[in-house]
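Asker: Provided below are the primary sequence and the corresponding predicted coordinates.
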Amino acid sequence: MSEHTVKEGKTYAIVAYLTLIGTLIAFFMNREQRNEFTSFHIRQALGLGLSYLALSYVIGSFDSWNASGIFMLLFFVLYIFGILGAATGKYNEIPFIGTFFQRLFKSIGQ
């Protein structure tokens, strides 16, 4: 991966982590000129966003502020990890589940 590719894809890679709408914007903007760096971060952000939606329903059923607070803090930290990776031009996979997201959404960006 060249530094030029990373530099070109940084903006959309960061946008991908800004809610699921940002992920969709980055996805559609990346369709014309495929950028591998942006595609990597789109897959990570999409996995995080969908995981958040699915798990928040389950965590919300516990009706506990402690469980909800810990859950939101965990995902906040994971999103910050992804944004920092995109901003610094690194291929940082989300801990524990990033490899799974890359395999699950491998068709994005190819």
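Answerer: Structure's in. What do you need?
Asker: what's around the nearest residue in space to Ile108 that is not next to it in sequence, how many residues?
Answerer: Take Ile108 and drop its neighbours on the chain: the residue closest to it by CB to CB, 6 or more residues apart in numbering is Arg43, 5.4 Å away. Every C-beta, even on glycine, is put in place using the N, C-alpha and C of the backbone. Neighbour count of Arg43, defined by other CB atoms under 10 Å: 25.
Asker: and Arg43, what does it touch?
Answerer: Going by CB atoms under 8 Å, 6 or more residues apart in numbering, Arg43 touches 101-102, 104-106, 108-109.
Asker: hmm, 6 Å instead?
Answerer: Contacts for Arg43 (CB atoms under 6 Å, 6 or more residues apart in numbering) come out as 101-102, 105, 108.
Asker: Please narrow these to those residing in strands.
Answerer: Of the contacts of Arg43, none are assigned to strands by DSSP state E.
Asker: pLDDT averaged over stretch 18-26 - what is it?
Answerer: For stretch 18-26, the mean per-residue pLDDT is 94.
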